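Engineer: Sequence and predicted structure, then a few things I'm wondering about:
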Amino acid sequence: MPGTQTSLELPLFDISQPISATSLSSLSLACKEWGFFRIINHGVSKDLYSKLYTVSNHIFSLPSELKLKLGPSSTLKTYTPHFIASPFFESLLVSGPDFSASAQSSSEVLNQSSSEFSFCISVPSTELVLFVYQLAFGSEILREYGNRMTNLSKSIIQIVLMCLGEDFERKFECEFTNCHGYLRINNYSPLECMNHKELEGLGMHTDMSCITIVYQDQIGGLQVRSKEGNWLDINPCDDTLVVNIGDLMQAWSNGKLRSSEHRVVLKQPVSRFSLAFFWCFEDEKLILAPEEVVGERNLRVYEPFVCTDYMKFRQNSERGKFEKVGFTVKDFAGTGG
Ligand SMILES: O=C(O)CCC(=O)C(=O)O
Ligand SMILES: [Fe+2]
């Protein structure tokens, strides 16, 4: 793959402390230039991540016949199988606000299918009991993580609004009160015989969110594209989460904040685990940058649009039915201004 090279030192913020004027100006710059920054002291323990890793391992090591029961042709549509986004990528979606109920509904489908499945291939009943136990444990962990990410997203939105203007976190908080979150658990499994230097784990895309909070394990591979088109590594760093601006925030801010273009490359023949928490406007929201955000010249770069219409546009227009770049909010609602 052409053009990768150096790594990018994104600004790092202590989310547990009030933000200083200097931090705010470097955060503002990062949101405008890259659409990416990092946070520490986010309150999620290593122990919770290690439990999430166990849950993820458990889910993704289930037989594909079982996972496909949650896939695109099922009613739940929570599982993205290999080959939709990339041959090396699969993911499970858990929706809020009740993350436990969402995980539970997937687990019920799996549980039911696994009984039929075990009947066909005679999975020992002890394994079945363990499987059911793991699913119950999993939904509890996912509930805890989903709730933590929800609270964190609310604090991050406030800080991002502060970047746009004085007192904006107070003036425009109400625009974000009906936001909701969903979590994608991602598993990347490159071929063991991988002999290429790099494989594309997840192609270049922008997120269809206001903001996304990403946890990547120590394998790394997340990259951001500069405005000039160069790829830079976002190296994994202990106790640090990466935040990126999504398309909905880019549109709502009249293009003042940049929806980050990013991708994942696999450089080693080992599995990689990541979690992406997407914080989004409610489906029916009309996205229209407030006049104060647009500024005095009143030059709007996006037509107003309903959130869900953009989601549909992205889902229909992508190659391979996955959200890839090529079609973004600019193509959908850009005025060309
Ligand atoms: O795996 C990662 O580090 C990023 C995943 C991502 O960009 C996404 O799920 O939208
Ligand atoms: Fe993404």
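Structural biologist: Cool, the structure landed. Everything numeric here is computed off the predicted structure, so don't read it as measured data. Residues are numbered from 1 along each chain as shown. Ligands and ions are numbered 1, 2, ... in the order given.
Engineer: Just want the most central residue of this structure.
Structural biologist: residue 276 (3.1 Å; Cα atoms, centre = their mean).
Engineer: what's the distance between it and residue 35?
Structural biologist: Separation of residue 276 from residue 35 (Cβ to Cβ, to the nearest Å) stands at 14 Å. Where C-beta positions appear, they are placed from N, C-alpha and C, glycine not excepted.
Engineer: Tell me where the model's unsure across the chain.
Structural biologist: Counting by pLDDT under 70, the low-confidence segments of the chain come to 1-5, 115-135, 193-194, 196, 316-326, 337.
Engineer: Show me which residues of it are close to ligand 1?
Structural biologist: Residues of the chain lying close to ligand 1 (Cβ under 6 Å from any ligand atom) are 184, 186, 202, 207, 214, 216, 222, 262, 264, 274, 276.
Engineer: so who does the residue nearest to the centre of the chain touch?
Structural biologist: 183, 184, 186, 207, 212, 213, 214 (Cβ atoms under 8 Å, 6 or more residues apart in numbering).
Engineer: same question, residue 67
Structural biologist: Shown in contact with residue 67 (Cβ under 8 Å, 6+ apart): 59, 60, 79, 81, 90, 110.
Engineer: Out of these, give me the one that has the most neighbours.
Structural biologist: Among the contacts of residue 67, residue 79 has the most neighbours (other Cβ atoms under 10 Å), with 26 neighbours.
Engineer: tell me the contacts of the residue nearest to that residue when sequence neighbours are not counted?
Structural biologist: Distances taken as Cβ to Cβ, 6 or more residues apart in numbering place residue 70 nearest to residue 79, at 3.8 Å, with adjacent residues excluded. Counting by Cβ under 8 Å, 6+ apart, residue 70 touches 76, 77, 78, 79, 92, 106, 109, 110.
Engineer: Report the buried members of the residues you listed.
Structural biologist: Buried by 16 or more other Cβ atoms under 10 Å: 76, 78, 79, 92, 106, 109, 110, out of these.
Engineer: Mark which of these are part of strands, please.
Structural biologist: When the buried ones among the contacts of residue 70 are checked against strands (DSSP state E), the matches are 79, 92.
Engineer: Using a markdown table, lay out the contacts of residue 276 together with secondary structure.
Structural biologist: Formatted as a markdown table, these follow (DSSP: H, G, I helix; E, B strand; the rest coil):
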| residue | secondary structure |
| --- | --- |
| 183 | strand |
| 184 | strand |
| 186 | strand |
| 207 | coil |
| 212 | strand |
| 213 | strand |
| 214 | strand |
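Engineer: Quick one: which of those is the most crowded by neighbours?
Structural biologist: Busiest of those [other Cβ under 10 Å] is residue 212, holding 28 neighbours.
Engineer: That residue contacts residue 278, correct?
Structural biologist: Yes: with contact defined as Cβ atoms under 8 Å, residue 212 reaches residue 278; the gap is 5.1 Å.
Engineer: Now do the shared contacts for those two.
Structural biologist: What both residue 212 and residue 278 touch, as defined by Cβ under 8 Å, 6+ apart, is the set residue 246.
Engineer: For stretch 31-44, output the C-alpha coordinates as CSV.
Structural biologist: Coordinates of the C-alpha atoms in stretch 31-44 are reproduced here as CSV (Å, rounded to 0.1, in the frame of the first residue of the first chain):
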residue,chain,number,x,y,z
CYS,A,31,-10.4,18.6,15.5
LYS,A,32,-10.0,20.9,12.5
GLU,A,33,-6.9,19.4,11.0
TRP,A,34,-7.2,15.7,11.7
GLY,A,35,-10.6,15.0,13.3
PHE,A,36,-8.7,12.9,15.9
PHE,A,37,-7.4,13.4,19.5
ARG,A,38,-6.7,11.2,22.5
ILE,A,39,-7.9,11.1,26.1
ILE,A,40,-6.6,9.7,29.3
ASN,A,41,-8.1,9.2,32.8
HIS,A,42,-11.3,8.1,31.1
GLY,A,43,-12.3,5.8,34.0
VAL,A,44,-12.3,2.5,32.2
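Engineer: contacts for stretch 13-21?
Structural biologist: Residues contacting stretch 13-21 (Cβ under 8 Å, 6+ apart): 23, 27, 37-43, 152, 155-156, 159, 162.
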